[in-house]
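Asks: When you get a sec, could you give me coordinates for this:
(2 chains)
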Amino acid sequence: MLRHGFLVAPACVFIFSGCAEMKYYYGHVPEIAPGFLAGYLEAESLPNSLSLVNPPPETRSHAFELDLTIYGASKGFRGTPRWKQAVKDTNLAFPGAAYAFSCALNAPISEQETPHLYMLMRRAMTDAVLSTRSVKEFYKRPPPFVFSMDPTCTPDDEKPLSEISSYPSKHACIGWTWALILAELAPERADMILERGRSFAESRVVCGTHWQSDIDAGFIIGAGVVARLLADSEFREDFNAARIEMASVRANGLFPQHDCNMEKAALSLKLHPSRHNR
Amino acid sequence: MKKPPAILLHRILPALACVLMLSGCAGIQSHARPAPVPDIAAGFPAGYLPPDLLPNSLALLNPPPAEDSPAFALDRKIAAEALTLRGTPRWKLAVEDANLKFPRAAGAFACAVQVRISEKETPRLYTLLRRTMTDAGFSAYSAQNHYKRPRPFIVNREPSCTPDEENFLSQYGSYPSGHTSIGWAWALILAEIAPGRTNEILGRGRAFGESRIICGVHWRSDVNAGFLVGAGVVARLHADPVFQADLEAAKAELAAARAKGIPPLRDCAAERAALSFKLFPDGK
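Replies: Numbering: from 1, shown residues only, chains lettered A, B, ... in the order given. Coordinates of the predicted model:
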């Protein structure tokens, strides 16, 4: 009875507000940079990440030794399917970026099939990115490829990446933000989604663009961003609309738009496969 | 697959069935007193979800550091530094944070939220904290039980900040930290309820986890892993309607308590002073 009421209530909201929402979506969310929509939160509402995360490891510390070890182990993945997956995971441009969690969600994520979810991911990505900015500007940590002179998985991005701090990882923050939102949206897929959030972040180490400690800091900030987003009424509206969409996706038996077997095989290669690797 | 202790499982499943039946009305009346929730152990109420619906920490987490690894060397280094804090205000806060018994534990975030959190003043929030503690603790269990990692006070043979609890703690693996999962879950929930205090609350959540390192009962990597588990638990809890109803009611309660200006019971100046000490000043 409880579940019945829970599903019906948002359905009513959706029916009454459907037209207004569509107009809102495609007309009134401005871009803050080419291809990047405005987030939900005002700058002063984002978590103050600089006070939240610890400083990055110093060059001659045990923590840096650990970062170096994990980075060294990750080099064994070059050219493997896991490396190719890491290349895919670098893409934050939509529509391609939405594919990253499609298999974990076991649903298509696209402007056509899940417009509200698509919008939710685009805007939440911006909030996640902006919340890492104060830390990046403060610490200016060199990424692994600058330190080691190794090539990364995306050579064309190396120049811009070398100019900004690798601490904390923006991708890790975005991936964990998405994972936490999607796990709420599709609780029956929570384990797969959360694990994908972690592997999405680890792709940055595989790529040679981030240290493990950059990623750990991204997880902390991403969780904070989602907590703050959940208190935002516009985010909640979009989230509720995305929930209705998911119910329809499930009812219609829609599946991811691309082959998930390749992703599954790639992600079975673990960055931290055994106790000895870490 | 995760397997909670058989005794708890036998008790928790019938208990949860009752919860679902009893709490139907709670989902509608947002200002009402919380519906009764049965205990699964003395002083610990059932969580919102049965253990098999919680995130599986064993699947989510990487394995803990091997004994001869650089990761374990770092864990040991941080543990050794933590030992030097005994008797300091930060250490005393860690002792306080070790206590998960209510009503005392309800005050852990009161200074961060800047409102008294008690059964009397904020009954639904009080219930929310107690029940989510069970969920966040259980979610950590599958990895703890699989890896059975020894805790710092066993490896180092140094007393922890809670000597009386060492026998009890020894039954549970060190990886991941259940307290950290709980503290981070509380922080994320409270930041949603009191967004104006987000930074103070999240900072307190982080420190609550680090208190376990200072106590000598968890390694640094246990605490890092606990942050992942706690966040996953909160995401999954949000899909539960009974949790959502308590969360909404807690928002109203907190606003009312804030309007009344009821101050926290704890010495917030002392807590602030203790928290100004940083365990990782240079990123180690």
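Asks: ok, B:I193 to chain A distance?
Replies: Per C-beta to the nearest C-beta, to the nearest Å, B:I193 is found 8 Å from chain A. (C-beta placed from N, C-alpha, C; glycine too.)
Asks: typo on my end, it should be B:D52
Replies: Distance, B:D52 to chain A, using C-beta to the nearest C-beta: 11 Å.
Asks: does that residue sit in a helix, a strand or a coil?
Replies: helix (DSSP: H, G, I helix; E, B strand; the rest coil).
Asks: Could you measure from it over to B:L128?
Replies: 22 Å (C-beta to C-beta, to the nearest Å).
Asks: Which parts of chain B are helices?
Replies: B:6-22, B:57-60, B:70-83, B:89-98, B:110-113, B:123-147, B:152-155, B:166-170, B:178-193, B:198-214, B:220-237, B:241-260, B:268-275 (DSSP state H).
Asks: Next, count neighbours for A:A247.
Replies: 14 (other C-beta atoms under 10 Å in any protein chain shown).
Asks: Make sure it is indeed in a helix.
Replies: Yes. Assigned with three-state DSSP, A:A247 falls within a helix.
Asks: State the pLDDT value of it.
Replies: According to the prediction, A:A247 has pLDDT 97.
Asks: could you give the mean pLDDT of stretch A:189-199?
Replies: 98.
Asks: again but with stretch B:209-223, I slipped
Replies: 97.
Asks: ends of it, how far apart?
Replies: End-to-end distance for stretch B:209-223, by C-alpha to C-alpha, to the nearest Å: 6 Å.
Asks: neighbours around the nearest residue to A:E31 once chain neighbours are set aside, how many?
Replies: Counting by C-beta to C-beta, 6 or more residues apart in numbering or on different chains, A:E31 lies nearest to A:L37, which is 5.8 Å off, once chain neighbours are set aside. Counted with other C-beta under 10 Å, residues neighbouring A:L37 total 17.
Asks: which ones are touching A:L37?
Replies: By C-beta atoms under 8 Å, 6 or more residues apart in numbering or on different chains, A:L37 lies in contact with A:V29, A:P30, A:E31, A:M119, A:R122, A:R123, A:T126.
Asks: Out of the residues you listed, which is nearest to A:L68?
Replies: Of all those, A:T126 has the smallest distance to A:L68: 32.4 Å, by C-beta to C-beta.
Asks: What parts of the stretch 151-278 of chain A come near chain B?
Replies: Neighbours of chain B within the stretch 151-278 of chain A, by C-beta under 8 Å from any C-beta of the partner chain: A:176, A:179-181, A:183-185, A:187, A:190-191, A:194-195, A:198, A:213, A:216, A:219-220, A:222-224, A:226-228, A:230-232, A:270-272, A:274-278.
Asks: Can you select the buried ones from these in PyMOL?
Replies: With 16 or more other C-beta atoms under 10 Å in any protein chain shown as the criterion, this PyMOL line picks the buried residues out of those:
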select buried, chain A and resi 176+179+180+181+183+184+185+187+190+191+194+195+198+213+216+219+220+222+223+224+226+227+228+230+231+232+271+272+275+277+278
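Asks: all strands of the stretch 151-278 of chain A, in order?
Replies: In the stretch 151-278 of chain A, no strands are defined using DSSP state E, counting those that start in this stretch.
Asks: where are the low-confidence patches of the chain?
Replies: Using chain A. A:1-27, A:273-278 (pLDDT under 70).
Asks: wrong one, chain B
Replies: Short version for chain B, where the test is pLDDT under 70: B:1-32, B:282-284.
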